[in-house]
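1. just a sequence and a predicted model for now, questions to come.
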Amino acid sequence: MLKRAFALSDQGAKDLAKGIIATACANLIQIIPASLLLMVVMMLLEKAAGTQVNVGRNIPFFVGITLVLFGMIAIAQLVQYNLTYTAAYKESANRRIVLAEKLRKLPLSFFEKKNLADLTTTIMGDCTALERTFSNAIPQLLGTILMFVIMSVGLAVLDWRMALCIIVPVPVASIVVVLARKAQSKAELENLEAKRCAYDAVQEYIDTIKELKAYSKTDVYLDELDKKLENVIRCSFRNELAPGASTTAAQFILRFGLVAVLLIGGNLVIEGMLSIPMLILFLLFAGRIYDPFTNCFMLLAEVFAALVSIGRMKQIDNTQEQTGSDCCNNIGCDIEFKDVYFSYNEEPVLTGVSFVAKQGEITALVGPSGSGKSTVSKLAARFWDADSGLITLGGIDVKTVEPEVLLKNYAIVFQNVTLFDESVMENIRLGRSGASDEDVRAAAKAAQCDEFIDRLPQGYDTNIGENGSKLSGGERQRISIARALLKNAPVILLDEATASMDAESETMVQTALSALLKGRTVIVIAHRMRTIANADKIVVLDKGKVTEVGTPSELAKKGGLYAHLVALQQKQQMSSLPT
Ligand SMILES: Nc1ncnc2c1ncn2[C@@H]1O[C@H](COP(=O)(O)OP(=O)(O)OP(=O)(O)O)[C@@H](O)[C@H]1O
């Protein structure tokens, strides 16, 4: 039950259960000093009443028992600390790893719906909330409830009327806190959303600072950012207020309980139905029961807030993973699309796409912007799953193969290159971990990188900055081509791979590529028609449909969309030539 309620691992649930028992024991042990005090009070009362008790003679007994008690309390708290804190930190670290593992297996469509700040908040912030709750709130709360049940039974045995006086305020106060939960959850959600928006805005501000400065929009953007940050303050305040009000009301009810114990108990003493020591005992026990509960009501608010975080984690946990077989028994590497339909968020993008990209051939996808070319290449690599139709690699439906296994067959160069804040060497080695320095250098040479790498201060060991910020667009693209070449995969997807290069670099890279592409299945997307003039096959896409298929010369003769695009670019080139 703990496992399901708090999205815990098996070990985490076991550790939490042990923590709860340890906390209940620690709370129960702390009742003993109250009992001891009562014994002293009773002795003093008896002495005052003239009975023969010699308090002095019992001093060694009380000193001894106090020392034993201190030892027991220290041991109980140590055990409780070990069982709760250590286990909570282990569990939350484990949770982060499990979440990161899960994210690895989720389809890209999931990341389209969630944004980076939201996911970072879940992995870091929500896990931290969980850590706090498990190390402190939940064991304290459930441990106190356990202690309350045990003590209630004990008190009822002593005197059921007084026990009732002590017990009743606890559920009443708890109901007040629980009823306020709805308002609190709403405030907590609004607070998380406000924080997410602010994180997003700060991140966007840093990412786009160049553009904002270029268009003199920094002030406007900062005004908007200020509003978002002020909203965080407002929401945080509301979030504190919601549990604060209910907790105060609950604490007031408990104080009222203490007064009730005194009044009713006093009345019973006057009527001779309860002895004074018993009344003192019940008053002491009421204090011992109510004290941890006062704390618990605040912790309950923390648990409710954590439940919102747990809900967000469960959402990730419950997202369908892209699964499939661990082996891909493809025969050859032809890629075939058969009547493929696909939409992003219900918006149709591909409608009945069919074509074959043969092994050993370069297949170029051509078409106006937004016609679906990149989408086709992403579906071929199973970044998304098609809504209907069939996509095969060497006769195997890509949907049946585990994405990471499938992707071993692909080397992909995207238009938007992603590089890491590492050396050139390590950035290229990402293509094939464990590749030797010589292999990395050979791939870099083939992708025409060596000329600019030699100019870098530490050559291949130069750190290229965050996302390759110290390199030009063309240099970054060449590194990503080198990385793809190093991977040496049988299928190569090039999505505007040479778009950021000047004509000279593009020609050099293409010469190198054409030698390396031999025997592989190559799908190329390029807007510049001369980039794909040597393709074996052109597939023309228009509004998500294949409208023409053929060799460049066949399509040029046909006079359709391809011929029109070629003519248009030739005209543009002519008009841009100096006269
Ligand atoms: N992740 C996404 N979420 C929602 N819509 C998307 C997404 N990616 C692309 N689209 C939409 O799908 C359509 C096809 O996009 P795609 O990138 O495949 O076209 P393209 O032909 O490669 O365009 P371009 O030549 O401009 O790169 C476009 O209308 C685009 O707005």
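-> Looks like it arrived, so ask away.
2. what secondary structure does the nearest residue to G265 once chain neighbours are set aside sit in?
-> Spatial nearest neighbour of G265, excluding adjacent residues (C-beta to C-beta, 6 or more residues apart in numbering): L279 at 4.3 Å. To be clear about C-beta, it is placed using only N, CA and C from the backbone, and glycine gets the same treatment. Of the three states, L279 takes helix under DSSP: H, G, I helix; E, B strand; the rest coil.
3. so who does L279 touch?
-> 162, 265-266, 268-269 (C-beta atoms under 8 Å, 6 or more residues apart in numbering).
4. F61 sits in which helix or strand?
-> Using DSSP states H and E, F61 maps to helix 59-81.
5. and if you look at F383?
-> For F383, there is no enclosing helix or strand under DSSP H and E.
6. was I right to think it contacts F111?
-> No: taking contacts as C-beta atoms under 8 Å, F383 lies outside contact range of F111: 10.0 Å.
7. ok, back up a step: same question for the helix holding F61, mean pLDDT?
-> For helix 59-81, the mean per-residue pLDDT is 77.
8. now stretch 288-300
-> 82.
9. and that stretch, how far out from the chain middle?
-> Mean-position distance between stretch 288-300 and its chain equals 32 Å (C-alpha atoms, centre = their mean, to the nearest Å).
10. repeat for stretch 305-324
-> With C-alpha atoms, centre = their mean, you get 9 Å for stretch 305-324.
11. how about it: buried residues?
-> Of the residues in stretch 305-324, 305-310, 312-313, 316, 319, 322, 324 count as buried by neighbour count, 16 or more other C-beta atoms under 10 Å.
12. near the ligand, which residues of the stretch 251-400 of the chain? Just list them.
-> 344-345, 349, 367, 369-375 (C-beta under 6 Å from any ligand atom).
13. tell me the one of the buried residues of stretch 305-324 nearest A567?
-> Q322 (41.9 Å; C-beta to C-beta).
14. mind checking how far R95 is from the ligand?
-> Counting by C-beta to the nearest ligand atom, to the nearest Å, the gap between R95 and the ligand amounts to 28 Å.
15. and for that residue, the neighbour number?
-> 23 (other C-beta atoms under 10 Å).
16. that one belongs to a helix?
-> Yes: under three-state DSSP, R95 falls within a helix.
17. angles on the backbone of I396, please.
-> Backbone torsions for I396, taken as degrees, to the nearest 10, come to phi -100, psi 130.
18. go on, L456?
-> The phi/psi pair for L456 (degrees, to the nearest 10) is phi -70, psi 150.
19. isn't it up against S423?
-> No: in this structure L456 lies outside contact range of S423 using C-beta under 8 Å: 9.5 Å.
20. which residues do these two both contact?
-> Both L456 and S423 are in contact with T462, where contact means C-beta under 8 Å, 6+ apart.
21. middle-most residue in the protein, spatially?
-> Residue closest to the average C-alpha location in the chain (C-alpha atoms, centre = their mean): I123, at 3.4 Å.
22. thought that one was touching L99?
-> Yes: contact criterion C-beta under 8 Å: I123 and L99 qualify, at 5.3 Å.
23. what segments of this protein are strands?
-> Along the chain, the segments classed as strands by DSSP state E run 335-344, 347-357, 362-366, 388-393, 396-397, 410-413, 491-495, 521-525, 537-542, 545-550.
24. need these in a markdown table (columns: distance to Y562).
-> Formatted as a markdown table, the strands of the chain follow (distance: least, C-beta to C-beta, whole Å):
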| stretch | distance to Y562 |
| --- | --- |
| strand 335-344 | 18 |
| strand 347-357 | 14 |
| strand 362-366 | 6 |
| strand 388-393 | 23 |
| strand 396-397 | 30 |
| strand 410-413 | 23 |
| strand 491-495 | 18 |
| strand 521-525 | 14 |
| strand 537-542 | 5 |
| strand 545-550 | 6 |
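25. most tightly packed of the ones you listed?
-> Compared across the strands of the chain, strand 521-525 shows the largest average neighbour count, a mean of 26 (mean count of other C-beta atoms under 10 Å).
26. list the contacts of it.
-> 333-335, 357-365, 373-374, 376-377, 380, 490-497, 531-532, 535.
27. how about 6 Å then?
-> With contact meaning C-beta atoms under 6 Å, 6 or more residues apart in numbering, strand 521-525 is reached by 333, 335, 357, 359, 362-365, 373, 377, 491-496, 532.
28. list the strands paired with it, with their directions.
-> Partners of strand 521-525 in the sheet, by DSSP bridges, are strand 362-366 (parallel), strand 491-495 (parallel).
29. export those as CSV, with columns for distance to E504 and mean pLDDT.
-> As requested, the strands paired with strand 521-525 are arranged in CSV below (distance: least, C-beta to C-beta, whole Å; pLDDT from 0 to 100):
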stretch, distance to E504, mean pLDDT
strand 362-366, 21, 93
strand 491-495, 19, 91
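30. now the ones you listed in a markdown table, with distance to K182?
-> A markdown table is the format used below for the strands paired with strand 521-525 (distance: least, C-beta to C-beta, whole Å):
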| stretch | distance to K182 |
| --- | --- |
| strand 362-366 | 52 |
| strand 491-495 | 48 |
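31. between those, which one is closest to L78.
-> With respect to L78, and counting by C-beta to C-beta, the nearest of those is strand 491-495 at 58.5 Å.
32. and the closest one, anywhere near the ligand?
-> No: Strand 491-495 stays clear of the ligand (C-beta under 6 Å from any ligand atom), getting no nearer than 7.4 Å.
33. return that strand as CSV; C-alpha atoms alone will do.
-> This file holds the C-alpha atoms of strand 491-495, laid out as CSV (Å, rounded to 0.1, in the frame of the first residue of the first chain):
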residue,chain,number,x,y,z
VAL,A,491,21.6,3.7,-42.5
ILE,A,492,22.5,7.4,-42.7
LEU,A,493,19.9,10.2,-42.3
LEU,A,494,21.1,13.7,-43.2
ASP,A,495,18.6,16.4,-42.4
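34. gap between it and the chain center?
-> That offset, for strand 491-495, works out to 30 Å (C-alpha atoms, centre = their mean).
35. ok, back up a step: buried ones among the contacts of L279?
-> 162, 265, 268.
36. I'd like to know which of those is nearest to the ligand.
-> M162 (66.9 Å; C-beta to the nearest ligand atom).
37. so the closest one touches I280, yeah?
-> No: using C-beta atoms under 6 Å, M162 makes no contact with I280, being 11.4 Å away.
38. count of neighbours near the closest residue to V79 other than its chain neighbours?
-> Leaving aside its chain neighbours, V79 sits nearest to A22 (5.1 Å; criterion: C-beta to C-beta, 6+ apart). By other C-beta under 10 Å, the residues close to A22 number 21.
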